[in-house]
Structures are given as structure tokens and as C-alpha cells.
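Peer 1: give the three-dimensional model of this entry:
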Amino acid sequence: MLELRDIRGGYASAEVLGGVNLRAAPGEVTALIGRNGVGKTTLLRGVMGLLPRCAGQVTLAGAALAGLPTHRIARAGIGYVPEGRQIFPELTVMENLAVGQRTPSRLWPEERLFALLPNLRERRANAGRALSGGEQQMLAIARALVTDPRVLLLDEPSQGLAPMVVQELARVLRQLAGEGVAVLLVEQNLRMTEAVADRILIMARGQVVHDDTAAAFQADADALRHRWLTM
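Peer 2: Numbers count the residues shown, from 1 in each chain. Next comes the predicted model:
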């Protein structure tokens with residue numbers, strides 16, 4: 001269980017996070033949605049120790065992570081797929097994966113990884129820049145998985161992807177949850193979010209203002225969208 005309590009912080013004098021509380025449970029996809037600029041990406045950066053100024057409690061299975069350097073947070077079991085993928089374009093698929101591994105992956109060895117992400121198997125020798133947008137996104141996920149995470153944070157993974165690729169992405173996330181990974185998904189694509197999430201949280205003004213099951217969200221979707229999501 002990843003648990004965040006009263007997370008506050010931002011950049012320089014700008015306060016972006018105003019006391020965020022949430023939980024991401026093993027075997028579930030927890031989706032975090034909201035208008036642009038409410039702090040979703042900032043929150044993920046705070047969890048990973050990448051925020052210049054951040055306070056509050058971050059725990060994974062009861063172990064405190066707040067204040068640790070990013071590499072120790074990753075080693076504790078949190079994988080991060082940043083917005084924009086941020087793969088190494090001049091490195092091959094296998095070289096990108098090697099960069100992500102401190103030691104050989106126990107949970108996601110090559111065969112299991114390529115069974116989950118079959119398109120990458122055929123592209124193993126290709127440079128990152130030669131991959132399609134969808135293949136680059138799958139590579140970013142693979143690079144996080146080879147660190148053997150118990151929690152996977154994803155920031156806008158469907159951005160810029162064709163609908164068929166978004167469907168494949170949804171399959172991957174559901175399969176990961178089915179294998180016990182806690183998935184925390186920041187996403188703007190509501191259709192995918194509703195299809196893949198177990199819980200949907202809405203963020204506004206630097207706080208979580210709604211937290212319920214995906215089924216409850218869908219039952220009240222029009223009112224929730226009008227209040228928190230439309231401009």
C-alpha cells in the first residue's frame with residue numbers, strides 16, 4: 001500500500017499541493033484526474049523526491065520514504081513513468097532497459113516483460129527514436145518495470161496515442177494490477193480512465209476533493225465533470 005498524508009509543496013514560493021491524502025492499493029488501478037494545473041504531475045514528482053519543496057508523509061507498506069533521494073525511493077519499490085516518456089532516443093530498446101536496471105530484474109525478466117509488451121520484442125535492436133509513439137510509451141513502462149516496482153506511477157501515458165494503442169495500454173495496466181502491482185495513474189483521457197480504474201480520485205486546488213469507486217464515479221459522472229473537470 002502506498003499512502004500519502006498531507007503532502008504539501010511546490011516550486012520556489014508557489015504552493016501547488018495543499019495537503020494531499022490518498023492511498024494506492026496492491027492489485028488496483030487508482031486514477032487521479034482533474035483540470036490542468038491542479039498539481040497532479042507535481043504530486044507524482046513529490047512522491048519520487050523530484051520536487052524542490054515537499055512536506056508530508058509518504059509510506060510504502062509502512063516504510064517512510066519522504067525525504068529520501070530519488071534512487072532510494074525507486075529501490076524501495078516505486079516505478080515512475082514520466083509525462084513525455086523521456087526514453088533515451090539514441091539507445092536501443094535493450095540499452096534503455098539496461099539503464100533502468102541496477103541489478104537484473106527478478107520479477108520482470110526479459111521473457112516475461114516481452115510477453116506483457118510483445119511489440120517491444122521485435123524492436124529490441126531499434127533505437128528509441130525509431131519507435132512509434134505507442135512503442136516509446138511501452139518502452140517507458142518496461143524501463144520502470146525492470147526495477148521490480150510494487151507501485152507504478154504513470155503520468156499521462158495515453159497522451160498523443162491512437163485509440164487502438166490506448167486500448168493496448170489499458171490492457172497492460174489491468175494486467176499489471178491483476179498481478180498485484182499498485183498502479184497510480186494520472187490521466188486526462190476519461191474514457192480510458194473509466195475503463196481501467198478501480199478507484200477514481202479528483203484533484204482540485206492542490207487537494208483530493210473526490211475519492212470513490214469507478215462505478216460510483218460513472219453513476220454521478222455528469223455532475224462531477226461539471227463541478228470539477230470542465231473549464
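
Peer 1: is the residue nearest the centre of the chain bridged to anything, and to what?
Peer 2: By C-alpha atoms, centre = their mean, the chain has its centre lying nearest to residue 154, at 1.6 Å. Beta-bridge pairing for residue 154 (DSSP bridges): residue 81, residue 185.

Peer 1: how near is it to residue 19?
Peer 2: 23 Å (C-beta to C-beta, to the nearest Å). C-beta here means a position set from N, CA and C on the backbone, and glycine is covered the same way.

Peer 1: for residue 190, give me its contacts.
Peer 2: Shown in contact with residue 190 (C-beta atoms under 8 Å, 6 or more residues apart in numbering): 33, 225, 229.

Peer 1: format those as CSV; extra columns: pLDDT and distance to residue 144.
Peer 2: Listed next are the contacts of residue 190 as CSV, based on pLDDT from 0 to 100; distance: C-beta to C-beta, whole Å:
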residue, pLDDT, distance to residue 144
33, 97, 21
225, 89, 30
229, 90, 27
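
Peer 1: give me the buried subset of those residues.
Peer 2: Taking 16 or more other C-beta atoms under 10 Å as the criterion, what is buried in those is residue 33.

Peer 1: among the contacts of residue 190, name the ones in helices.
Peer 2: Nothing among the contacts of residue 190 maps onto helices, per DSSP state H.

Peer 1: excluding its backbone neighbours, what's nearest residue 35?
Peer 2: residue 229 (6.4 Å; C-beta to C-beta, 6 or more residues apart in numbering).

Peer 1: wait, the one you found touches residue 202, no?
Peer 2: Yes - at 7.2 Å, residue 229 and residue 202 qualify as touching, with contact defined as C-beta atoms under 8 Å.

Peer 1: report the residue spans of the chain with pLDDT below the cut-off.
Peer 2: 231 (pLDDT under 70).

Peer 1: biggest helix in it, by residue count?
Peer 2: The chain, longest helix under DSSP H: helix 163-178.

Peer 1: list the contacts of it.
Peer 2: By C-beta under 8 Å, 6+ apart, helix 163-178 touches 27-29, 116-117, 133-134, 137-138, 141, 145, 152, 154, 157-158, 161, 183, 185, 189, 192, 195-196, 198.

Peer 1: between residue 229 and residue 202, which contacts overlap?
Peer 2: By C-beta under 8 Å, 6+ apart, the residues touching both residue 229 and residue 202 are 33-34.

Peer 1: just to revisit the earlier point, wait, what's in contact with the residue nearest to residue 35?
Peer 2: Per C-beta under 8 Å, 6+ apart, neighbours of residue 229: 33-35, 190, 202.

Peer 1: of all these, which two lie farthest apart?
Peer 2: 35 and 190 (12.2 Å; C-beta to C-beta).

Peer 1: got the buried residues for stretch 6-13?
Peer 2: 7-10.

Peer 1: where along the protein do the strands fall?
Peer 2: 2-11, 14-24, 29-33, 53-60, 63-64, 78-81, 151-155, 182-186, 199-204, 207-213 (DSSP state E).

Peer 1: reformat those as a markdown table; add distance to residue 109.
Peer 2: Shown next, in a markdown table, are the strands of the chain (distance: least, C-beta to C-beta, whole Å):
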| stretch | distance to residue 109 |
| --- | --- |
| strand 2-11 | 24 |
| strand 14-24 | 25 |
| strand 29-33 | 24 |
| strand 53-60 | 23 |
| strand 63-64 | 26 |
| strand 78-81 | 16 |
| strand 151-155 | 17 |
| strand 182-186 | 21 |
| strand 199-204 | 30 |
| strand 207-213 | 34 |
